[in-house]
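Trainee: Kindly generate the corresponding structure for this input.
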Amino acid sequence: MTTLVVIIILLAFLFDFYNGMNDAANSIATVVATKVLPPRLAVLWAATFNFLAVFLFGVAVAKTIGKGVVDPLMVNEITIFSGLIGAIVCSAIATHMGFPISISHALIGGLVGAGIAKAGPACIVWSGLTKTIIFIFAAPLLGFAVATVFSIATTWIVRNKQPSKIDRYFRGLQLCSAAAYSLGHGSNDAQKTMGIIALTLFNAGLLGDTFRVPLWVVFASYSIISLGTFIGGWRVIATLGDKITKLRPIDGFCAETASAITLFFAAAAGIPASTTHTITGGIVAVGATKRMSAVRWVVARRIVGAWILTIPFALSVSFCVQKFIVWAWGL
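Mentor: Residues are numbered from 1 along each chain as shown. All right, here's what the predicted structure looks like:
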């Protein structure tokens, strides 16, 4: 293995770690906000189920990232390195500023920017990129729609129950919904790192003629994203859990269950969906179901603004990094 390949793999794991940190909010914001679990126990719960997803899902999303965004035959290790730098810079800034962005879209933007800088638009696999772009809009809408149905249905089912009994019952159910969501998060997001590492190994001729994801890459990626989740991006958690709408256990259950269903579908279809977009759509839905004024729309607009900027920002950084490296080293 060349030094550059090793550096890229280490950078991919750093990206995986930031993915877990930023997206910890997706997994635990609702259970922390509803006080079903204390923060440290909540991140341990989420991290555990992030890792357990390794035994339940395949590598369809990893293959989409590895060969469905840029053509593996038209890029090199420098391109992958530049793409990762763009994704990491975008992810780190958002995590430390408390913005729940889509880490997967930062990665896709990074790959696209570096790929265009290396080989022009011809290197883009437009079918895979189109599928991803469609789901940028579909993920929050699906999360919103399914959460709305769940919220209305559960509210109707418990309409004659005492509030104290409803709260106690859904506190238990929310543990299950948070576990399901964390499985969906792990299944989708860990595979993005797998795809990058597999693309690097394939490009370096270390996988032979067939693109595949080695088993050690699978387990390492799940382990590191789980560690990032356990460390937690607490400013992002505060944004999702407290600032969009006031959540009760029944609300958290509906948002998490709806989002988990959406992510399971995306993982099975090989779509690199945004876990952030999905859960945010669910949280907005349960707030809006109570009344429109229950949602802090100013916060929601800021989050959407960060989403819109994610791909262009990561694309621009990686494009510049790729061009600079080529200029500086005369490659």
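Trainee: Tell me where the longest helix sits in this protein.
Mentor: helix 163-203 (DSSP state H).
Trainee: Which other helices and strands does it contact?
Mentor: The contact analysis (3 or more CB pairs under 8 Å, 6 or more residues apart in numbering; DSSP states H and E) places helix 163-203 against helix 3-33, helix 39-52, helix 60-67, helix 77-97, helix 103-119, helix 215-231, helix 249-269, helix 275-290. C-beta here means a position set from N, CA and C on the backbone, and glycine is covered the same way.
Trainee: so which of the ones you listed gets nearest Leu173?
Mentor: When the helices and strands packed on helix 163-203 are compared by CB to CB, helix 249-269 sits nearest Leu173, at 5.0 Å.
Trainee: For that closest one, which residues meet the burial criterion?
Mentor: Residues of helix 249-269 classed as buried by neighbour count (16 or more other CB atoms under 10 Å): 249-264, 266-267.
Trainee: Repeat that for stretch 134-153.
Mentor: By neighbour count on 16+ other CB under 10 Å, the buried set for stretch 134-153 is 135-136, 138-140, 142-148, 150-151.
Trainee: cool, stretch 63-76 as well?
Mentor: In stretch 63-76, counting by 16+ other CB under 10 Å, buried: Lys63, Thr64, Ile65, Gly66, Lys67, Gly68, Val69, Val70, Pro72, Met74, Val75, Asn76.
Trainee: Of those, which is the nearest to Ile308?
Mentor: When the buried residues of stretch 63-76 are compared against Ile308 (criterion: CB to CB), the nearest one is Val69, at 19.2 Å.
Trainee: what sits against the closest one?
Mentor: Ile108, Leu111, Val112, Gly115, Ile124, Val125, Gly128, Leu129, Thr132 (CB atoms under 8 Å, 6 or more residues apart in numbering).
Trainee: Can I get these in CSV including neighbour count and pLDDT?
Mentor: Converted to CSV, the contacts of Val69 look like this (neighbours: other CB atoms under 10 Å; pLDDT from 0 to 100):
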residue, neighbour count, pLDDT
Ile108, 30, 87
Leu111, 31, 91
Val112, 25, 93
Gly115, 28, 92
Ile124, 19, 89
Val125, 18, 88
Gly128, 21, 76
Leu129, 17, 81
Thr132, 21, 75
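Trainee: and the two most separated of the residues you listed?
Mentor: Top of the distance list for the contacts of Val69 (CB to CB): Gly115 and Thr132, 13.8 Å.
Trainee: Now do the SS call for Pro272.
Mentor: coil (DSSP: H, G, I helix; E, B strand; the rest coil).
Trainee: Distance check, it against Val69.
Mentor: To Val69, Pro272 is 8 Å away according to CB to CB, to the nearest Å.
Trainee: how far is the longest helix of the chain from where the chain is centred?
Mentor: Counting by CA atoms, centre = their mean, to the nearest Å, helix 163-203 is centred 10 Å from the centre of its parent chain.
Trainee: go on, stretch 36-56?
Mentor: So, by CA atoms, centre = their mean, the centroid of stretch 36-56 is 15 Å from its chain's centroid.
Trainee: For it, give the mean pLDDT please.
Mentor: Stretch 36-56 shows a mean pLDDT of 80.
Trainee: Other residues contacting it?
Mentor: 20, 24, 27-28, 31-32, 171, 174-175, 178-180, 182-187, 190, 218-219, 222-223, 225-227, 229-232, 234, 237, 249, 252.
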